[in-house]
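Engineer: I would like to see how this sequence folds:
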Amino acid sequence: MSPRRRRAASTRRPPPRRRTRRPGRRKRADGQLVALLLGVVIVVAVVDWLLTHWWILVALCALAALAGGAWLHQRQQQARWEAVRAQSLRYGLAQLDALHHSRFEDAVRDLMRRDGCQDAVRVGGGGDLGADVKATDPYGRRWVIQCKHRRNGLSGSAVGTPDLQVLNGTARQVHGADVAVIVTNGRVTAPAVAFAEQQRLHVVDRHTLGAWASGSRPLWELLRAVPPPRRPTALS
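Structural biologist: Numbering: from 1, shown residues only. I've put the predicted structure just below:
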């Protein structure tokens, strides 16, 4: 063989291999097709059965409508009762004295909700940083409340300046309060009251708490020097 023919033979490309289909893919495709056909057959059979027994479909729709109407009526009735309960919520001082300190915080939260603070929440507990109840009033003001419950009422230990200092250090800086309040069913020392006035804090003592809990006036109408509304509302 001449050198020219050898070079031509060496540079000739081998013929391309024919690709063969894998039997696994064909089986999967056939299985999917069978499943699709089976689904169509089932749907057609169900539709045909429902058309034949149309009265069952009507009865099921009627039952669903009745159940939905009953559920909606129950929710509306519950909402009405909750609104009535919130508007008529009252506490006597003896009731508040008998509460556990955590339930006292719940009572303060519920009173704020009664006054229109729909987002009022109790956050008291370990690491609460001086905030037991937080709420936003209808005027847009953010309230941060620290609760001091005394089981013996006026006979219990008095709320002093250190309690107000904790509230003053965290209410605005940490919790973003517009109104910082300390609520107690007991008594407050005179230096604590003076400190509260100097630092623009609000003290709800036993007398103010009794007026708030037993009546329908919101807390901001019982306190002096409350900041003005943050935003215009229908109430402002």
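Engineer: element containing residue 197?
Structural biologist: Counting by DSSP states H and E, the element that carries residue 197 is helix 190-198.
Engineer: show me which positions of that helix end up buried.
Structural biologist: Within helix 190-198, the residues scored as buried using 16 or more other Cβ atoms under 10 Å are 192-193, 195-196. Quick note: C-beta positions are derived from backbone N, CA and C, even for glycine.
Engineer: what's the first helix or strand after that helix?
Structural biologist: strand 202-204.
Engineer: and the next helix or strand past that next one?
Structural biologist: Next along from strand 202-204, by DSSP H and E: helix 206-214.
Engineer: helices of this structure, residue ranges please.
Structural biologist: 3-11, 23-52, 54-87, 93-97, 101-114, 161-170, 190-198, 206-214 (DSSP state H).
Engineer: most packed of these?
Structural biologist: helix 101-114 (a mean of 20; mean count of other Cβ atoms under 10 Å).
Engineer: for this protein, what are the low-confidence residue spans?
Structural biologist: Within the chain, the segments meeting pLDDT under 70 span 1-25, 27, 73-87, 124-128, 231-236.
Engineer: tell me the domain ranges of it?
Structural biologist: Domain ranges of the chain: 25-85, 93-221, per automatic domain parsing.
Engineer: now the longest one, how far from the centre of its chain.
Structural biologist: Computed by Cα atoms, centre = their mean, to the nearest Å, the chain-centroid distance of domain 93-221 equals 22 Å.
Engineer: and the domains of the chain as CSV, adding distance to residue 227?
Structural biologist: Output for those, formatted as CSV (distance: least, Cβ to Cβ, whole Å):
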stretch, distance to residue 227
domain 25-85, 28
domain 93-221, 5
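Engineer: contacting residues around residue 218?
Structural biologist: Contacts for residue 218 (Cβ atoms under 8 Å, 6 or more residues apart in numbering) come out as 115-116, 137.
Engineer: reformat the residues you listed as JSON lines; add neighbour count.
Structural biologist: Shown next, in JSON lines, are the contacts of residue 218 (neighbours: other Cβ atoms under 10 Å):
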{"residue": "115", "neighbour count": "22"}
{"residue": "116", "neighbour count": "16"}
{"residue": "137", "neighbour count": "25"}
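Engineer: having no further points to raise, I will conclude here.
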